[in-house]
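1. Provided below are the primary sequence and the corresponding predicted coordinates.
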Amino acid sequence: MIFKSNWAKNKKSVEKLFSFIGNMNNMPPILPEQVVDITANNDNLEFTIQGMGKVALQVKEREPNKFIQLIPKGKVPFQFVLNIHIKNNEPNSECCFEIDADLNPLMQMMASRPLQNLVNMMASKVENL
């Protein structure tokens, strides 16, 4: 199942936005308030979601100025990838967050709303960077 945000406009150039979002050290301001205990380096992001547990992600792919893909590292309750699409909209840029999750029907009922809210909130925060 795919959870996708709307395209978020940002005043940075596409190169600057890609450089910022592509470095996991810069992700904390984009994450929701329920995300705590964040540790990051250029390629890895680890955090705890209050009431849900710990999540570790690593960058699997970067396509300069266009695309970043993060995959889970370690044990997760379901398989997913987080895709970040970036596009040029001169003189600004836009990005879209997408979670592609392999959910069974029970997990789909429980996780659909929080996952959709997560991508929407991340997109909203990118607009205010």
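-> Yep, that arrived.
2. list the buried residues of the top helix by length along the chain.
-> For the chain, the longest helix by residue count, based on DSSP state H, is helix 105-127. By neighbour count on 16 or more other CB atoms under 10 Å, the buried set for helix 105-127 is 111, 115, 118-123, 126. Any C-beta I mention is one placed from the backbone N, CA and C, and that applies to glycine too.
3. and it, what does it pack onto?
-> If contacts are counted by 3 or more CB pairs under 8 Å, 6 or more residues apart in numbering; DSSP states H and E, helix 105-127 sits against strand 2-4, strand 8-10, strand 92-102.
4. let me see the mean pLDDT of the longest one.
-> Averaged across strand 92-102, pLDDT comes to 96.
5. quick one: list the elements packing against it.
-> By 3+ CB pairs under 8 Å, 6+ apart, strand 92-102 packs against strand 2-4, strand 8-10, helix 14-22, strand 79-89, helix 105-127.
6. ok now it, how far from the chain's centre?
-> 7 Å (CA atoms, centre = their mean, to the nearest Å).
7. repeat that for the second one.
-> With CA atoms, centre = their mean as the basis, strand 8-10 stands 14 Å off its chain's centre.
8. so what touches stretch 56-63?
-> 22, 24, 42-46, 67-74, 81-82 (CB atoms under 8 Å, 6 or more residues apart in numbering).
9. mind redoing it with 10 Å?
-> Surrounding stretch 56-63, the residues in contact under the criterion CB atoms under 10 Å, 6 or more residues apart in numbering are 18, 21-24, 27, 39-47, 67-76, 80-86.
10. what sits against residue 45?
-> 23-28, 31, 35, 38-39, 55-59, 70, 73, 82.
11. so which of the residues you listed are in strands?
-> 35, 38-39, 55-59, 70, 82 (DSSP state E).
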